[in-house]
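Asker: Structure here, sequence nowhere to be found:
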């Protein structure tokens, strides 16, 4: 049974506890509410503002599992609050047989502490789950991507939101092969995950290139630990790109950095000051 009043109270309380900077959003100069605005929760969770309003007022419809997962990510719920939210909504909490789409609080704290390095959290199927303000300043505001398209593999084959990362044709081919390998591996581990099955079906039906690679079954591997970024204010940057694994959730944290004393490191230092200010002033 859905307990609308308890669900509404939990959502309102959670929204008030999350600062914009916690989710890589600008704080702004005319903020009148503690925590996030409803518009920001809706943008991060991939639902309409009206949907969030109705849920917080205890008159919303029965939210789907994907909507609940999106709200849990947007509001940075810990495991206990996430499970409570699912129970109040009349749904079973996520099980290990499904791809984990909620980033646990300790990993989010790790992102917060990386104040001088861009960092992004990805799911086992390439969903962009969380990022810090430095990542938004370096690569663009991920919250502006439609929720259904907030997946790096979907963007590689079907999207237009490629950010500022530059690749040679050879690098782009290797990245495409590696993307297919990621999804094939994920399908082996999570054969019944609805979101994964939907993603693969969408890519196969709409991208001839993906369909070709899917049938070829490439054994793609990550070929480089560096990324070239063509930033509109800072120009060309070559950054080290390291992937940290969170094994028990099958998530990964991608961190960009540069060797001390280099021009690229100085550019990141400048971005930490001017880039976040630029977002704040929007």
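Answerer: Nice, I can see it. As the structure is a prediction and not an experimental result, all values here were calculated from the model.
Asker: now the helices for the stretch 151-282 of the chain?
Answerer: 152-158, 169-189, 194-206, 208-216, 263-270, 276-280 (DSSP state H, counting those that start in this stretch).
Asker: need the ones you listed in TSV with mean neighbour count, can you?
Answerer: Placement of C-beta: from N, CA and C, glycine included. Formatted as TSV, these follow (neighbours: other CB atoms under 10 Å):
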stretch	mean neighbour count
helix 152-158	20
helix 169-189	16
helix 194-206	16
helix 208-216	15
helix 263-270	16
helix 276-280	15
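Asker: Just name the shakiest helix or strand of this structure by mean pLDDT.
Answerer: helix 276-280 (a mean of 49; mean pLDDT, DSSP states H and E).
Asker: Which one, of the helices of the stretch 151-282 of the chain, ends up nearest to residue 17?
Answerer: Closest of the helices of the stretch 151-282 of the chain to residue 17 is helix 276-280, at 20.4 Å (criterion: CB to CB).
Asker: Tell me the spacing between residue 82 and residue 76.
Answerer: According to CB to CB, to the nearest Å, residue 82 stands 10 Å off from residue 76.
Asker: Need the residues touching each of these two.
Answerer: Overlap of the contact sets of residue 82 and residue 76 (by CB atoms under 8 Å, 6 or more residues apart in numbering) is empty.
Asker: Show me where the protein has its strands.
Answerer: All strands of the chain, identified by DSSP state E, fall at 119-122, 128-131, 165-166, 226-231, 235-246, 251-257.
Asker: Generate CSV for these, with mean neighbour count, mean pLDDT and distance to residue 146 as supplementary columns.
Answerer: Below are those laid out as CSV (neighbours: other CB atoms under 10 Å; pLDDT from 0 to 100; distance: least, CB to CB, whole Å):
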stretch, mean neighbour count, mean pLDDT, distance to residue 146
strand 119-122, 24, 96, 17
strand 128-131, 23, 94, 12
strand 165-166, 16, 88, 19
strand 226-231, 16, 92, 23
strand 235-246, 15, 93, 25
strand 251-257, 20, 96, 21
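Asker: Would you mind saying which of those lies nearest residue 39?
Answerer: strand 128-131 (18.5 Å).
Asker: What pairs with the closest one, parallel or antiparallel?
Answerer: strand 119-122 (antiparallel) (DSSP bridges).
Asker: And the protein, what are its domain boundaries?
Answerer: Following automatic domain parsing, the chain resolves into domains at 4-88, 105-280.
Asker: Reformat those as JSON lines; add distance to residue 98.
Answerer: Below are the domains of the chain laid out as JSON lines (distance: least, CB to CB, whole Å):
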{"stretch": "domain 4-88", "distance to residue 98": "8"}
{"stretch": "domain 105-280", "distance to residue 98": "5"}
